[in-house]
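In: Predicted model follows, preceded by the sequence.
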Amino acid sequence: TLAFISAIFKGLKNGKSLKDAVSTAYDETLGLLHAWVVRTGIKAGMLGLPTREHFFKSIGETEESAKKHGDGFIEAADRIVEAIETLYTGVQMPKSDFTMKSLWG
């Protein structure tokens with residue numbers, strides 16, 4: 001989850017819309033762990049995300065003030081995620097084996 005949030009901040013920092021930043025972040029992090037049905041539901045929910053401008057306004061930030069906080073968060077989050085990944089090096093984490101079968105095949 002921390003890697004997901006950090007990836008969102010990175011996308012916003014690179015000028016992406018909120019929807020694109022969240023979608024890319026999800027695909028690169030949590031989406032790797034979720035079954036198809038969960039990924040599909042989450043992607044559908046992303047259609048309701050606000051614009052980048054509305055998002056910043058709703059959290060009481062501007063582009064500039066968010067950048068100050070976001071850069072520090074990204075740096076700290078990435079260090080934590082790296083430390084956690086080091087702890088789990090070589091451990092095979094469980095993954096869903098859920099698949100959809102075609103009604104026509």
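Out: Yes, it's here.

In: Just the element for F9, please.
Out: helix 2-13 (DSSP states H and E).

In: how far does that helix sit from the chain's center?
Out: Remark: helix 2-13 is offset 6 Å from the chain centroid, using CA atoms, centre = their mean, to the nearest Å.

In: on contacts alone, who are the packing partners of that helix?
Out: helix 18-28, helix 63-87 (3 or more CB pairs under 8 Å, 6 or more residues apart in numbering; DSSP states H and E). Yep, even glycine has a C-beta here, placed from its N, CA and C like the rest.

In: Kindly recompute the last result at 10 Å.
Out: Judged by 3 or more CB pairs under 10 Å, 6 or more residues apart in numbering; DSSP states H and E, helix 2-13 is in contact with helix 18-28, helix 52-58, helix 63-87.

In: What residues of the helix or strand following the first one count as buried?
Out: On the C-terminal side of helix 18-28, the nearest following helix or strand under DSSP H and E is helix 36-45. By neighbour count with 16 or more other CB atoms under 10 Å, helix 36-45 contains the buried residues R39.

In: Helix 36-45 vs helix 18-28, what angle?
Out: Computed by axes from the mean of the first three to the mean of the last three CA atoms, to 10 degrees, the angle separating helix 36-45 from helix 18-28 equals 170 degrees.
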